[in-house]
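Visitor: Just the structure for this:
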Amino acid sequence: MTPSSDPTPIDPDGLFARARAGDNAAWEELFNACYPKVKRVVARKLDRQMRALYDSTDFASDVMKSLAANVDRLDFPSFGSLIAFLVQVAEQKVIDEYRKVHTQKRDIDRQCPLITGDGANAHPLSMASYEPTASQVAQAGEAIERLLAGQNEDEREAIELKKQGYTNPEIARKTGWNLRKVQRFFKDLWDEYRQVG
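Guide: As a prediction, this is how the structure comes out:
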């Protein structure tokens, strides 16, 4: 929307000036005059995917909040110039949000619903987990058993302590080994584990 298309290009009552001076009735009148126009602009600018995530009233409310927050720094010679300013701010807010949503990490196209299927066929989507699967736990257990089988009693104790979450210095204290020996033992063990697979 441009100032020339506004039916009231001049603000004869000094509506913005009165609102700026703290007149609550003027703020209400200004809000009632501007908010629907800003909301229409936002609704036109939101594409279908963005409309599914955002409501035009959110953007329009943000624009009006921005106007109220910056009222001391703004001045408009006419009602039309005020509307033009608000429209420009609204368009920029939509553009900024569009860019934010469409960055690679948060791309709106990568989003998927939590329920798949329709009607009676609808079921929850299975979510990926960072926890190990039962198969991975079993394989790790077997690998540890193989490693333990080839170790002496002190080495098995060190491995058990590591499994329980003890740090290398703590393992050195508990086993009586020096820290370098513990570090070398676990490095060699890790190299062997990787070779075994």
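Visitor: Backbone torsions only: list them for residue 118.
Guide: Here is the backbone geometry of residue 118 (degrees, to the nearest 10): phi -120, psi 150.
Visitor: for residue 148, same thing?
Guide: According to degrees, to the nearest 10, residue 148 has phi -70, psi -30.
Visitor: Not counting its neighbours along the chain, what's nearest it?
Guide: residue 156 (5.3 Å; Cβ to Cβ, 6 or more residues apart in numbering). Just so you know, the C-beta spots here come from the backbone N, C-alpha and C atoms, and that holds for glycine as well.
Visitor: Distance from the host helix or strand of the one you found to the middle of the chain?
Guide: Element membership of residue 156, judged by DSSP states H and E, is helix 153-163. Chain-centre distance of helix 153-163: 43 Å, with Cα atoms, centre = their mean, to the nearest Å.
Visitor: any idea how far residue 132 is from the residue nearest to residue 148?
Guide: Distance, residue 156 to residue 132, using Cβ to Cβ, to the nearest Å: 23 Å.
Visitor: what about these two, which has more around it?
Guide: Using other Cβ atoms under 10 Å, the more surrounded residue of residue 156 and residue 132 is residue 156, with 14 against 11.
Visitor: pLDDT wise, what is the more buried one at?
Guide: pLDDT, residue 156: 84.
Visitor: what does residue 161 give?
Guide: On pLDDT, residue 161 comes in at 90.
Visitor: any idea which element the residue nearest to it when sequence neighbours are not counted lies in?
Guide: Leaving aside its chain neighbours, residue 161 sits nearest to residue 171 (4.8 Å; criterion: Cβ to Cβ, 6+ apart). Applying DSSP H and E as the criterion places residue 171 in helix 168-175.
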